[in-house]
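1. model the following, please.
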Amino acid sequence: MATEKTAKNKGLFIFLFALVFIAINIVAYWLVWDKFYGQSPTGAEIFQRRGNWLLMAVYGLLLYVFAQVYGASRIGTLKPGELLFSQGLTLFFADFFTYFQVCLLALKMANPLPMLGMLAVQIAFSAVLCFGGNKLYYAFYPPRRILMVFGSSMAEALVPKMMQRADKYKICGAISASKGLEAIKERIKDQKAVLLCDVSVHLRNKILKYCYEHAIRVYITPNLSDIIVGNAKPITLFDSPLLLCRNAGLTAGQRFVKRAMDIVISGVGLIVASPIMLITAIAIKLYDGGPVFFKQKRCTIHNKVFEILKFRSMIVDAEKDGQPHAAVDHDPRITPVGRVIRATRLDELPQLINILKGDMAVVGPRPERVEHVEEYTRQIPEFSFRSKVKGGLTGYAQVMGRYNTTAYDKLRLDLMYIENYSILEDIKLILMTVKIMFMRESTAGFNQNEEIHAVEEWIGQSQDGE
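-> Numbers count the residues shown, from 1 in each chain. The predicted structure follows:
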């Protein structure tokens, strides 16, 4: 069972893993620069020893920035395959920008083959680093044993998710919050980690204090109030601490910068993508002669309704009965052209027009259908909290969530984005979207029998006490 000392050592392991990743790739770039680019007349004239060191430092900085964005050093958090994919993206973008930097220094288009060869070698090394490092990590840090304290059936949905990361978490027992504080303390006292899932605030506070006193790690599924308070500004009134929750959404300055960024990105995006959009429009028109665009009423900031634009991927009148019908795998309503543009996400490109018009933002909560917003709001009145900002082409819930993420979880993710908003976070989410686009769409990952078995096992643990 991991101790607090091993938990601190875990941070050192992750730091060393990241350091090795960056250091080895800087050495690779040094060798390529010195052999293929640094000896050119222009390179020799501009760079002496100190200049070369600066060049390596810039490359290291690029690796660090993209590694932070894509989680290239998140060993123990990401599965080996996803970690390798993250490192591959990090290396691709770092090498891509570095190549153009080399071209600027040489005042000409440099030979790209050495950089491409370097990228291939780097990815091969990353494969060894990721899979080897992952085995070493779990040899030192086995899955953390966790006792679950649950307050409602909501916890059942969390069990299959935890089991998907059996390499990281292991639920060794469960107890209902209805058993009372003393019974919970008795179960907790010999644990090193506890998961509190949908436990009442009053009881949760007592459990938290007990765990704090005994240095027991606590995982909490946050409610909406937790997320709002989590970004509160600490202030003091003389000698009394206060927490300030502004609850006003984005500031005027943030809205101005965000809108300016939306105009630039959507404008440049439309110019760059215009040839692809033209070809897509022609293909849709030639297939069945129907309209090129699909329009649908969606909700954005302050629940304002607008018409979202997409390239039509289904047959004409796919919802002729007037009722919303979600697309399913092998949906017969999707045309052959539609399957291609859905798989490549090209059907989303017309939303750049919505962004340029101001209906949407590049980053924000997913603009939901009017019918869905009305239904979700009936079930969860706080669902309207998402409307404090414009709907977005991408966003925190779109990047971090799954295809089958519940409305309540979407709300929590979107509220985390709103309450922790920054321009840098927007930029990070845009870059992370690139990663999501090239990954197979996330699903629950469990078949129905596995989920039933997981929940039955969890219920049995809670009844048996172990």
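2. give me the neighbour count for the nearest residue to Asn354 once chain neighbours are set aside.
-> Nearest residue to Asn354, sequence neighbours excluded (CB to CB, 6 or more residues apart in numbering): Met360, at 4.5 Å. The way it works is simple: take the backbone N, C-alpha and C, and place the C-beta from them, glycine included. A count of nearby residues for Met360, using other CB atoms under 10 Å, gives 26.
3. now swap in Ser178 and tell me
-> By other CB under 10 Å, 11 other residues sit near Ser178.
4. so who does it touch?
-> Contacts here follow CB atoms under 8 Å, 6 or more residues apart in numbering; on that basis Ser178 touches Gly151.
5. ok, now Met115?
-> Val32, Asp95, Thr98, Tyr99, Val102.
6. which residues in the chain form strands?
-> Remark: strands assigned in the chain by DSSP state E are 144-150, 169-176, 193-197, 217-220, 233-237, 240-244, 293-299, 305-311, 361-363, 392-394.
7. out of the ones you listed, deepest packed?
-> Neighbour counts (mean count of other CB atoms under 10 Å) averaged over each of the strands of the chain peak at strand 361-363, with a mean of 27.
8. now render the strands of the chain as CSV, adding mean pLDDT.
-> As requested, these are exported to CSV (pLDDT from 0 to 100):
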stretch, mean pLDDT
strand 144-150, 90
strand 169-176, 88
strand 193-197, 93
strand 217-220, 93
strand 233-237, 90
strand 240-244, 92
strand 293-299, 93
strand 305-311, 95
strand 361-363, 96
strand 392-394, 94
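9. which one of those strands lies nearest to Met118?
-> strand 392-394 (30.5 Å; CB to CB).
10. hmm, who's touching the closest one?
-> By CB under 8 Å, 6+ apart, strand 392-394 touches 348, 351-352, 355, 360-367, 398, 429-430, 433, 436.
11. got a quick PyMOL command for the buried subset of these?
-> In PyMOL, the members of those classed as buried (16 or more other CB atoms under 10 Å) are selected with the following command:
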select buried, resi 348+351+352+355+360+361+362+363+364+365+366+367+398+429+430+433
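12. how's the chain carved up into domains?
-> Using automatic domain parsing, the domain parsing of the chain gives 4-140, 144-247+452-464, 252-421.
13. in terms of mean pLDDT, which of the ones you listed ranks lowest?
-> Among the domains of the chain, domain 144-247+452-464 carries the lowest mean pLDDT, at a mean of 84.
14. how many neighbours does Gly76 have?
-> Counted with other CB under 10 Å, Gly76 comes out at 18.
15. right, and it touches Ile14 too?
-> Yes. Contact status for Gly76 versus Ile14: in contact at 6.9 Å, counting by CB atoms under 8 Å.
16. in the protein, where's the longest helix?
-> helix 252-288 (DSSP state H).
17. other SSEs contacting that one?
-> Packed against helix 252-288 by the contact rule (3 or more CB pairs under 8 Å, 6 or more residues apart in numbering; DSSP states H and E) you find strand 305-311, helix 336-343, helix 351-357, strand 361-363, helix 423-437.
18. on contacts alone, who are the packing partners of the last one?
-> Under the contact criterion of 3+ CB pairs under 8 Å, 6+ apart, helix 423-437 touches helix 49-70, helix 80-106, helix 252-288, strand 361-363, strand 392-394, helix 396-400.
19. contacts for it next, please.
-> 66, 69-70, 85-86, 89, 254, 257-258, 261, 265, 345, 362-363, 394-396, 398-399, 417.
20. what's the angle from it to helix 49-70?
-> Interaxial angle of helix 423-437 relative to helix 49-70 (axes from the mean of the first three to the mean of the last three CA atoms, to 10 degrees): 70 degrees.
21. identify each buried residue in helix 423-437, please.
-> Those would be Asp426, Lys428, Leu429, Ile430, Leu431, Met432, Thr433, Lys435, for helix 423-437 by 16+ other CB under 10 Å.
22. how about these in CSV, adding distance to Ala183?
-> Shown next, in CSV, are these (distance: CB to CB, whole Å):
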residue, distance to Ala183
Asp426, 46
Lys428, 43
Leu429, 43
Ile430, 48
Leu431, 47
Met432, 43
Thr433, 46
Lys435, 44
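23. got the residues you listed as a markdown table, with distance to Asp190 and pLDDT columns?
-> Compiled in a markdown table, the buried residues of helix 423-437 are given as follows (distance: CB to CB, whole Å; pLDDT from 0 to 100):
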| residue | distance to Asp190 | pLDDT |
| --- | --- | --- |
| Asp426 | 45 | 94 |
| Lys428 | 40 | 92 |
| Leu429 | 41 | 93 |
| Ile430 | 46 | 93 |
| Leu431 | 44 | 91 |
| Met432 | 40 | 91 |
| Thr433 | 44 | 89 |
| Lys435 | 40 | 85 |
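24. which one among the residues you listed gets closest to Lys285?
-> Nearest member of those to Lys285, counting by CB to CB, is Thr433, at 28.6 Å.
25. and the closest one, how far is that from His372?
-> From Thr433 across to His372, the span is 22 Å (CB to CB, to the nearest Å).
26. equivalent analysis for Ile24, please.
-> Taking CB to CB, one finds Ile24 at 48 Å from His372.
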